[in-house]
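J.: Return a 3D structure for these sequence lines:
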Amino acid sequence: MFDSVFGLPFHPLVVHAAVVFTPLLAAVAVAYAVLPRFRPRLDWALVLLALASPVSVFVAKESGEALKESRYAGQTPPPIAEHESFANPLLLTSLALAIVGLALVWAVNRSQNKVLAGVLSVLAVVGAVAVTFYVVRAGHTGATAVWGLG
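T.: Predicted coordinates:
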């Protein structure tokens, strides 16, 4: 299912969604957390990115595993193994940030609990830093594995 589309490997096609949606999720989550006056304009963007980012990361991870199996059949080269090592942490941090982002939107709009919103804002900023680290590392090691960039 995650192997190819029209004979092309699916991973290089879908990975760009994760590389775009995840940093956008991080940026919008931080903006939502630290710029309260912009929250009404950022509500739907944060909600949509909280859905799009983890899904795109999951599809990129699964398609990467399918590509690795079809190309290397158990003989994973070290650059690919290093790139692959960032898949689960990226998925987990994108899921965590998505949950925190959704909870923050809820806390601001529904519960209006300022303490809860403050705690979730701090968690959003921390989560944004973590997810940005992992998306950059995954992207860099992937580019290094494919293009031999140092």
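J.: quick one: low-confidence ranges for this protein?
T.: Scanning the chain for pLDDT under 70 picks out the ranges 149-150.
J.: Report the central residue of it.
T.: The central residue of the chain, meaning the one whose C-alpha is nearest the mean C-alpha position (C-alpha atoms, centre = their mean), is Thr22 at 3.7 Å.
J.: Ala128: what secondary structure?
T.: Using DSSP: H, G, I helix; E, B strand; the rest coil, the structure places Ala128 in helix.
J.: re the thing from before, the residue nearest to the centre of the chain reaches Ser56, doesn't it?
T.: Yes - the pair formed by Thr22 and Ser56 meets the contact definition of C-beta atoms under 8 Å, at 7.4 Å. The C-beta positions use only the backbone N, C-alpha and C, and glycine is treated the same way.
J.: Pull out the buried positions in stretch 51-68.
T.: Judged by neighbour count using 16 or more other C-beta atoms under 10 Å, the buried positions of stretch 51-68 are 52-64, 66-68.
J.: which one of those residues is nearest Val136?
T.: Nearest to Val136, judged by C-beta to C-beta, of the buried residues of stretch 51-68 is Val57 at 13.4 Å.
J.: Check which helix or strand that closest one maps to.
T.: Counting by DSSP states H and E, the element that carries Val57 is helix 39-72.
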